[in-house]
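Q: A predicted structure for the sequence below; I have some questions about it.
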Amino acid sequence: MKKKIAAAATALVAALLVSSCAQPQTTTTGASEFPTKPMNMVISFAAGGSTDVGARLIAKGLEDKLGQPVVAENKAGASGQVGNSALVSAKADGYTVGTVSLAGTLLSYLDPDRGASYKGDSFKPVALYVQDPQVFVVSPNSPYKSLEELVAAAKADPGKLRVATSGIATQDHVAKVLFEEMSGTKFAPVHFSDGAAPATTAFLGNNVEILITNVGDVKDMVANNQARVLGVASAERNDFLPDAPTFKEQGYDFELASSRGFVVPGGTPDDVVAKISDAIGDVMDDEETIKQLRDMNLTPDFLGHAEFKKLWDETESSFSGVLERVKADL
Amino acid sequence: MNTFDSLMQGFSFAMTPENLLYALIGCLIGTALGILPGIGATAGIAILLPLTVGMEPASAIIMLAAIFYGTAYGGTITSVLLNIPGEGESAITCIDGYQMTRQGRAGVALTTAGIGSFIGGTAATLALVIAAAPLSQLGLMIGPPEFFCLILVGIALLAGLVGRSLVKGLISAVLGLLIAMIGIDPVAGAPRFTFGSEHLLDGISIVPVLVGIFGLGEMLYNAGGTAARPAAPRLRQLVPTGTDIRRAAPAIGRGTLIGSVIGLVPGVTSAISSLLAYSTERKVSRFRHELGTGAIEGVAAPETANNSHSNAAFVPLFTLGIPASPAIAVLAGAFLQNGITPGPRLFVDNSALIWTVIASLFIGNALLLLLNVPLVGLWTRLLAIPYSVLSALIFGFIVIGSYAVNNSIIDVFIMIFFGIVGLIFRRLDIPLAPLVLTLVLGPVMESALRESLQISGGDFSVFTTRPIALIFLIIAAVILTGSIFGSKFKRKAHLPMDAAA
């Protein structure tokens, strides 16, 4: 816990340094006075989900830090695409902030079939507040105790072991294809287009051998001895699953998380972006906010606008490299 | 401590005046939310969740759970009185419920629905108390192949819904399937019939379609001025007669069974339970020929089934930690927010709390009965409002409700479009039930088929080698052959009578 806060604080200091270097003394009056009227937050997922609850928590904190009401509105649909479209058509003045799930947003505009009305430069990343790493889990009764054993079995009989994902061309599915290419394996996909709950049910009912999902979704299953984690796709072990090894420890340079953050429309002035980003950083310094996020099984992790942009670009190039092969993996 | 002692202790916590008050508030809010189409349990719980932060965990969960099953009852009121399905799960109730209202039997329909809901909910909660763990295993045994075969049983029951004209029934059923096809397909991830609109990527929301076809369609039809408008019943007409009770009882029994079993399967909405219960009545009830014309079974069975489903849906949450429906997922959020982890350790780690919540499920169901049966008289007074005024109110109401589903104006246009479809259906005497059935079952059937074949590596024998799947498959086959041959004989038998009429 303390480590996380320290990390968040370090990240914040870094973000402050970056932002102050970026625009020395030339802050326009617009930014120093911003905001002078209530702000809107477009939440691109349905009310009640963890994206919604997390975003509303940050919105409440922002109200305190910026001194203006932040009015949240849910625009759910098509894995965030409806909300994203609403955001990019808003005025680029910083008064409309939107939530993004990085993978969902990237996949929506990288895939021409989705007919998205926006591209990468339609957004300016503001801040990231949650990174929920991908995990590969098997049943506690499974013969595979480590990634090594799983990979050996998959190589012996390619395409036999079944992997449940929460739908075709979702982040879980990208994770599957990325790992296959990295390890030289092939698994049979079972896509549950209705999302994580049916996929988890099929996993618990022993209809598939492997489930790809996020730490937040398996934390309780692991505690209840319903699942065994073979690998966590983060640089270091996750606080929720201290006993679970990372992919890195087992020799696979594989890092992928469900990243949730805030964006503004592409033309928003940089100093306004920096101001909102810093304010979110302040909110993420608050111990109570961190605790509430963790209570929802989310892994709090703050990145300022510059680092978020870097992560965005890296993830985009890694996704666009495999998207064709992901879509062919039926 | 054994189960009974734990439950009694739960009751002693749940019966404190404070917790009773929260359960009552939850039931009231739930009923009110259920009345407004579009805003269902999921949105209701989500909106109120932040308000419960300072409350005792047990009180918070009691209130939110009461909202959850209260909405199911609220939807019934508008379905029966105004022909507006508040939610997908009460859509099928419109058919016989509204016919009963037109015959001046609105009170009987609402009272029966209340009693059925109470019995169904209580029975499912009892099952939860007695056998939560084995039941959850049963839920897990219904994987995609079993589920696909179960849906086939539902589709086979379609034959009973088509009514007099097979062609008209099929028009309705196929239109439902076509609407269900819109959106990203679960097989290849490609958009189907979305015409480049991202609002259609998720498919068409069921609520605006149903509200349009039932609610607006009826209003437009009545505007023609030919149909008999419902009148407010007198007080003595509110109470079910002995005949009503005798006819409703078996339907309530079947509804309880269907809802309690299907509710155990994670990911299945209660709309499926109420549809299967209604279709079953059309097939097996002694008065099946009366269904569609205002038969009490057509209200009792689906309303009982959706409430027992709602209560049974707690089993996967409590025992496996899987939220069975979106509304339950939000409720699971309330557990997490209070530091309680839903799952198999719940009964060990938070024993006192969980038994309090289970006790409150019983109390909540009883409160709903006490609250709603006396209020039936008040609700039916709605019908005393002059129709010209009432229809304007209803129109405003269904526009807001359709908008509220996704905060999207497109849903309002969809609702209006399907209102016109509903008018055409009524003019041409096309039945609505097959459309509702295929609209709800179509998408789940498609994903279950695809998931099954991915699990089996493309081998269709997965449906015949898994015992439960095979049993459902045989039932579907029996129903289908039965209705093919049955209808042949029936037609012969009734031919002279039909000709005479």
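A: Arrived safely. Numbers count the residues shown, from 1 in each chain, chains lettered A, B, ... in the order given.
Q: And the residue of chain A that's closest to chain B?
A: A:Gly48 (2.9 Å; Cβ to the nearest Cβ). Any C-beta I mention is one placed from the backbone N, CA and C, and that applies to glycine too.
Q: Helix, strand or coil: sort out that residue for me.
A: Under DSSP: H, G, I helix; E, B strand; the rest coil, the three-state class of A:Gly48 is coil.
Q: Please list all residues in contact with it.
A: B:Thr42, B:Ala43, B:Ile45, B:Ala46, B:Leu49, B:Pro326, B:Ala329, B:Val330, B:Gly333 (Cβ atoms under 8 Å, 6 or more residues apart in numbering or on different chains).
Q: do you know how far the third one is from B:Ala329?
A: Applying Cβ to Cβ, to the nearest Å, one obtains 9 Å for the distance of B:Ile45 from B:Ala329.
Q: Could you check which of the two has the larger neighbour count?
A: Higher neighbour count among B:Ile45 and B:Ala329: B:Ile45, with 30 against 22, using other Cβ atoms under 10 Å in any protein chain shown.
Q: Skipping adjacent residues, who's closest to that one in space?
A: Nearest in space to B:Ile45, with sequence neighbours left out and distances taken as Cβ to Cβ, 6 or more residues apart in numbering or on different chains, is B:Val330 at 4.5 Å.
Q: Please, which helix or strand holds the one you found?
A: helix B:326-337 (DSSP states H and E).
Q: For that helix, output the C-alpha coordinates as CSV.
A: Extracted C-alpha coordinates of helix B:326-337, given in CSV (Å, rounded to 0.1, in the frame of the first residue of the first chain):
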residue,chain,number,x,y,z
PRO,B,326,-25.8,-6.7,-14.8
ALA,B,327,-28.0,-5.7,-11.8
ILE,B,328,-26.4,-8.4,-9.6
ALA,B,329,-23.0,-7.1,-10.8
VAL,B,330,-23.7,-3.7,-9.4
LEU,B,331,-24.9,-5.3,-6.2
ALA,B,332,-21.6,-7.2,-6.1
GLY,B,333,-20.0,-3.7,-6.3
ALA,B,334,-21.9,-2.9,-3.1
PHE,B,335,-20.4,-5.9,-1.4
LEU,B,336,-16.9,-5.0,-2.5
GLN,B,337,-17.4,-1.4,-1.4
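Q: So for the helix or strand that it is followed by, mean pLDDT?
A: Using DSSP H and E, the helix or strand that follows helix B:326-337 towards the C-terminus is helix B:346-349. Taken as a whole, helix B:346-349 has a mean pLDDT of 78.
Q: Could you do stretch B:240-247 as well?
A: Per-residue scores along stretch B:240-247 average to 88.
Q: Just the buried ones from the contacts of A:Gly48?
A: B:Thr42, B:Ala43, B:Ile45, B:Ala46, B:Leu49, B:Pro326, B:Ala329, B:Val330, B:Gly333 (16 or more other Cβ atoms under 10 Å in any protein chain shown).
Q: Run through who's touching the host helix or strand of the first one.
A: B:Thr42 is part of helix B:41-48 when elements are defined by DSSP H and E. For helix B:41-48, the surrounding residues in contact (Cβ under 8 Å, 6+ apart) are A:46-48, A:52, B:29-30, B:33-34, B:63-64, B:67-69, B:71-72, B:87, B:326-327, B:329-331, B:334, B:404.
Q: let's go with 6 Å and repeat that
A: Helix B:41-48 is touched from outside by A:Ala47, A:Gly48, B:Leu33, B:Leu64, B:Ile67, B:Phe68, B:Thr71, B:Pro326, B:Ala327, B:Val330, B:Leu331, with contacts defined as Cβ atoms under 6 Å, 6 or more residues apart in numbering or on different chains.
Q: give me phi/psi at the closest residue to A:Ser50 other than its chain neighbours?
A: Nearest residue to A:Ser50, sequence neighbours excluded (Cβ to Cβ, 6+ apart): A:Met296, at 5.2 Å. As for A:Met296, its main-chain torsions (degrees, to the nearest 10) stand at phi -90, psi 20.
Q: Can you list the residue ranges for strands in the chain?
A: Here I'm looking at chain A. A:39-43, A:70-74, A:96-101, A:123-138, A:162-165, A:188-191, A:210-214, A:228-232, A:257-265, A:300-303 (DSSP state E).
Q: oops, chain B please
A: Secondary structure of chain B (DSSP E): strands located at B:183-184, B:191-192.
Q: Direction included, what does the first one pair against?
A: To tie it back to what came earlier, the one meant is strand B:183-184. strand B:191-192 (antiparallel) (DSSP bridges).
Q: And the residue nearest to B:Gln103 when sequence neighbours are not counted, how close does it get to B:Ile213?
A: Excluding its sequence neighbours, the residue lying closest to B:Gln103 (Cβ to Cβ, 6+ apart) is B:Gly294, at 5.3 Å. For B:Gly294, the distance to B:Ile213 (Cβ to Cβ) stands at 19 Å.
Q: that older thread, so the residue nearest to B:Gln103 sits right up against B:Tyr98, yeah?
A: No - assessed by Cβ atoms under 6 Å, B:Gly294 is found out of contact with B:Tyr98, at 8.2 Å.
Q: shared neighbours of those two, anything?
A: Going by Cβ under 6 Å, 6+ apart, no residue sits against B:Gly294 while also sitting against B:Tyr98.
Q: hang on, the earlier thing: so what's the gap between the helix holding B:Thr42 and the chain middle?
A: What separates the centre of helix B:41-48 from the centre of its chain is 18 Å, taken as Cα atoms, centre = their mean, to the nearest Å.
Q: Only alpha carbons, please: show it as PDB.
A: Taking C-alpha atoms only, helix B:41-48 is exported to PDB below (Å, rounded to 0.1, in the frame of the first residue of the first chain):
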ATOM      1  CA  ALA B  41     -32.700  -2.300 -11.300                       C
ATOM      2  CA  THR B  42     -29.100  -1.900 -12.700                       C
ATOM      3  CA  ALA B  43     -29.400   1.900 -13.100                       C
ATOM      4  CA  GLY B  44     -31.300   2.200  -9.900                       C
ATOM      5  CA  ILE B  45     -28.800   0.400  -7.800                       C
ATOM      6  CA  ALA B  46     -25.900   2.200  -9.500                       C
ATOM      7  CA  ILE B  47     -27.400   5.600  -8.800                       C
ATOM      8  CA  LEU B  48     -28.100   4.900  -5.200                       C
END
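Q: and the angle from it to strand A:70-74?
A: Orientation check (axes from the mean of the first three to the mean of the last three Cα atoms, to 10 degrees): helix B:41-48 against strand A:70-74 gives 170 degrees.
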